[in-house]
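K.L.:
Generate a structure from the sequence data that follows.
(one chain, ligands or ions: 2)
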Amino acid sequence: MENKVERIKNAIRDVPDFPKEGILFKDITPVLQNAELFALSVELFADVLKNTNIDVVAAVESRGFIFGAALALKLNKGFVPIRKPGKLPYKTFKETYELEYGTDALEIHQDAVKTGQKVVLIDDLLATGGTAVAAAQLIERCGGQIASICFLIELTFLEGIKKLEGYPVQTLIKF
Ligand SMILES: O=P(O)(O)OC[C@H]1O[C@H](OP(=O)(O)OP(=O)(O)O)[C@H](O)[C@@H]1O
Ligand SMILES: Nc1ncnc2[nH]cnc12
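P.N.:
Ligands and ions are numbered 1, 2, ... in the order given. From the prediction side, this is the model:
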């Protein structure tokens, strides 16, 4: 497990001043373009969730979809997309939130999660935590229970984990 984490961590590329001056962007594309590392990262998610009872996997557009959809297939679960506004065609719930580099909003289909379903929420990265809180609230508004919130990367200095107090959170790679 340690070795897997280190191998993926070493492949994540730092891009200074993207998308704004002062932001050190953690670029996961080198992980994705390497078949072995991409598979390892999905395995890491599956490893930390092996004792968690899950009905469905949810993930946040757009980088979260990459890992969330792959994990859903691996676990043989359905997939729920949480999207940026105006993208989902049916009736939605909406939550607005703040980002490390701006504000945004997310939507979920009102019937995406059934009452009482246990949902694992996946995203690539935890920064300030605003995205994850909004996504978790959307799942709860549908009647779902958060079984776990999992991130490939946590930017610990931003302390986003504090916003997620009360939720079971697992982060695989810390910077
Ligand atoms: O913890 P937070 O401060 O809320 O930030 C984390 C979010 O920011 C990034 O997404 P972004 O909104 O940049 O969208 P993208 O996945 O479409 O690139 C990342 O993929 C997380 O979803
Ligand atoms: N520093 C960062 N790198 C990559 N994605 C991010 N999302 C929010 N902050 C980020």
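
K.L.:
Leaving aside the residues adjacent along the chain, what's closest to the residue nearest the centre of the chain?
P.N.:
Residue closest to the mean C-alpha point of the chain, counted by CA atoms, centre = their mean, is Asp123 at 1.2 Å. The shortest distance from Asp123 to any non-neighbouring residue, by CB to CB, 6 or more residues apart in numbering, is to Gly64 (4.0 Å). C-betas here are computed from N, CA, C, even on glycine.

K.L.:
what comes up buried for the host helix or strand of the one you found?
P.N.:
Here Gly64 sits within helix 63-75, counting by DSSP states H and E. Across helix 63-75, burial judged by 16 or more other CB atoms under 10 Å covers 63-72, 75.

K.L.:
Reformat those as TSV; add pLDDT and distance to ligand 2.
P.N.:
TSV is the format used below for these (pLDDT from 0 to 100; distance: CB to the nearest ligand atom, whole Å):
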residue	pLDDT	distance to ligand 2
Arg63	98	7
Gly64	98	11
Phe65	98	14
Ile66	98	13
Phe67	98	13
Gly68	98	16
Ala69	98	19
Ala70	98	18
Leu71	98	19
Ala72	98	22
Leu75	98	25
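
K.L.:
Surely the residue nearest to Asp123 and Asp124 touch.
P.N.:
Yes: the pair Gly64 / Asp124 is scored as a contact, 5.9 Å apart, by CB atoms under 8 Å.
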